[in-house]
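Visitor: okay, here's the prediction I keep looking at, along with the sequence it came from:
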Amino acid sequence: MAGILRDRFGGKIPLALGPMAGVTDLPFRFLCSEHGADMTCSEMVSAKALFYKNKNTEELMQISEGEHFAGIQLFGNDPGIMAEMALAIEDRCEYIDVNMGCPVQKVVKNGEGSALMREPKLVEQILKRMSSVLHKPLSVKIRKGFYREDRQAPEIARIAEASGVSFITVHGRTREQFFQGETDLSVIREVKEAVKIPVIGNGGIRDGASAVRMLHETGCDGLMIGQAAMGDPWIFERVRHYLETGEELPAPSPEEIYAMILRHARMLIEENGEHMGILKMRSHASWYLTGFPNASKMRAEINRITRYEELTELLRR
Ligand SMILES: Cc1cc2nc3c(=O)[nH]c(=O)nc-3n(C[C@H](O)[C@H](O)[C@H](O)COP(=O)(O)O)c2cc1C
């Protein structure tokens, strides 16, 4: 395995928490890091919004002491603005990641996110300009391709490597698939074979066995877990344990989950105040309760609470 990830992790396969807008807030990234996420990344931040000094972007870029190798992800398609904004924020994090995967229509229609998978020349301009000014590593997060039958990932990966990118994350689904459906592991292998820089495999990892499958079928250097970490920061410990021993650890007990919900809520309240903190906690709490026999009733109640006390009372019952 070449370069940066080996230097950083000494041969251990790094487990990364996938950036997820509206999910991977600061407390959640902290909790995942505490439970074995070796790498984290902010959710996507608009380079243009940063350029125009939109103050909402500030919150998205905060990184906590507990994160081990934390990046900030930018999205945009203007090489000059991307480079200028990356340079302006690089001191706050350990690497800058470029989003080439966001499938959301309002991003794609501006030619940003996954729309860049169809613009190899522009990708080259953006990445060359960024890597020429940055002192920290530059990485890129790409998809298999845009339309269902597309497969641009290997070409974009080669361009990224030649443009000074230090590592690449490949989500093995197309833009058309959004976040669901089968992940194409063969395209991740193709990217791995196309470049010498480290490749992180992403898409559909939900337990030890699917993590091992990703590793074996793609030869990738690191693993990224997205949706399976929602409401389950313990997944990183379980996957690590499986990689080391071949055994699945038991899932956390209801008591551990309740304790985690309350801790996560207190952290969100500390960051945002009680009202906003509890509102932000509602969706996390619903994810934590996935699989509980009375989950839908509890979710309905959680969506009405506004105070920490109500949350403790609900969980106590
Ligand atoms: C709600 C949600 C928000 C996401 N936001 C981002 C984002 O801001 N930046 C990004 O690169 N990927 C984003 N993703 C994609 C994930 O990082 C990951 O690539 C994807 O979910 C596939 O991995 P998984 O199958 O393990 O979930 C998001 C995914 C979801 C479900």
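Guide: Nice, I can see it. Residues are numbered from 1 along each chain as shown.
Visitor: when you work out contacts or count neighbours from here on, use the C-alpha atoms and nothing else.
Guide: Noted.
Visitor: isn't residue 134 right next to residue 90, touching?
Guide: Yes. Checked against CA atoms under 8 Å, the pair residue 134 and residue 90 is within contact range at 7.4 Å.
Visitor: just checking, residue 81 touches residue 49?
Guide: No. Counting by CA under 8 Å, residue 81 stays clear of residue 49, with 10.2 Å between them.
Visitor: residue 118 versus the residue in the stretch 1-150 of the chain that the ligand sits nearest to, what's the distance?
Guide: The ligand sits closest to residue 20 of the stretch 1-150 of the chain, with a gap of 3.2 Å, by CA to the nearest ligand atom. Distance, residue 20 to residue 118, using CA to CA, to the nearest Å: 23 Å.
Visitor: also residue 105?
Guide: Counting by CA to CA - residue 105 and residue 118 are separated by 15 Å.
Visitor: out of the two, which sits in the more crowded spot?
Guide: residue 118 (19 against 13; other CA atoms under 10 Å).
Visitor: the more buried one: what's it in contact with?
Guide: Contacts here follow CA atoms under 8 Å, 6 or more residues apart in numbering; on that basis residue 118 touches 145, 146, 152.
Visitor: in PyMOL, how would I select just the buried ones from these?
Guide: Applying 16 or more other CA atoms under 10 Å to the contacts of residue 118, the buried members can be selected in PyMOL as follows:
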select buried, resi 145+146+152
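Visitor: near the ligand, from the contacts of residue 118?
Guide: Near the ligand, taking CA under 6 Å from any ligand atom as the test, no member of those is found.
Visitor: sort out which residues of the lengthiest helix in the chain are buried, please.
Guide: Ranked by residue count and defined by DSSP state H, the top helix of the chain is helix 254-272. Neighbour-count burial for helix 254-272, counted by 16+ other CA under 10 Å, picks out 257, 258, 260, 261, 262, 264, 265, 266, 267, 268, 269.
Visitor: next, residue 191: secondary structure please.
Guide: Per DSSP: H, G, I helix; E, B strand; the rest coil, the secondary structure class of residue 191 is helix.
Visitor: quick check: bridge partners of residue 170?
Guide: Residue 170 has these beta-bridge partners by DSSP bridges: residue 142, residue 201.
Visitor: surely it meets residue 139?
Guide: No. Counting by CA under 8 Å, residue 170 does not reach residue 139; the two are 11.0 Å apart.
Visitor: ok, these two, which is more surrounded?
Guide: Higher neighbour count among residue 170 and residue 139: residue 170, with 29 against 25, using other CA under 10 Å.
Visitor: any idea how far residue 222 is from that one?
Guide: Distance from residue 170 to residue 222, counting by CA to CA: 10 Å.
Visitor: ok, back up a step: so which of residue 81 and residue 49 has more stuff around it?
Guide: Higher neighbour count among residue 81 and residue 49: residue 81, with 18 against 15, using other CA under 10 Å.
Visitor: list the contacts of that one.
Guide: 47, 48, 51.
Visitor: what do you get if the cut-off is 10 Å, keeping everything else the same?
Guide: Residue 81 makes contacts with 47, 48, 50, 51, 87, 126, 129, 130, as judged by CA atoms under 10 Å, 6 or more residues apart in numbering.
Visitor: phi, psi of it?
Guide: Dihedral angles of residue 81 (phi, psi; degrees, to the nearest 10) stand at phi -70, psi -40.
Visitor: joint contacts of residue 170 and residue 139?
Guide: What both residue 170 and residue 139 touch, as defined by CA under 10 Å, 6+ apart, is the set residue 199.
Visitor: which secondary element of the chain has the worst mean pLDDT?
Guide: In the chain, the helix or strand scored least confidently by mean pLDDT, DSSP states H and E is helix 4-9, which has a mean of 83.
Visitor: number of nearby residues for the closest residue in space to residue 246 that isn't next to it in sequence?
Guide: Leaving aside its sequence neighbours, residue 246 sits nearest to residue 208 (CA to CA, 6 or more residues apart in numbering; 7.8 Å). Close neighbours of residue 208, defined as other CA under 10 Å, add up to 23.
Visitor: quick check: residue 141 touching residue 99?
Guide: Yes. Applying CA atoms under 10 Å as the test, residue 141 and residue 99 come out as touching, 5.4 Å apart.
Visitor: which neighbours do these two share?
Guide: Common neighbours of residue 141 and residue 99 (CA under 10 Å, 6+ apart) are 19, 73, 113, 114, 169.
Visitor: and which of those residues is nearest to residue 313?
Guide: residue 19 (31.8 Å; CA to CA).
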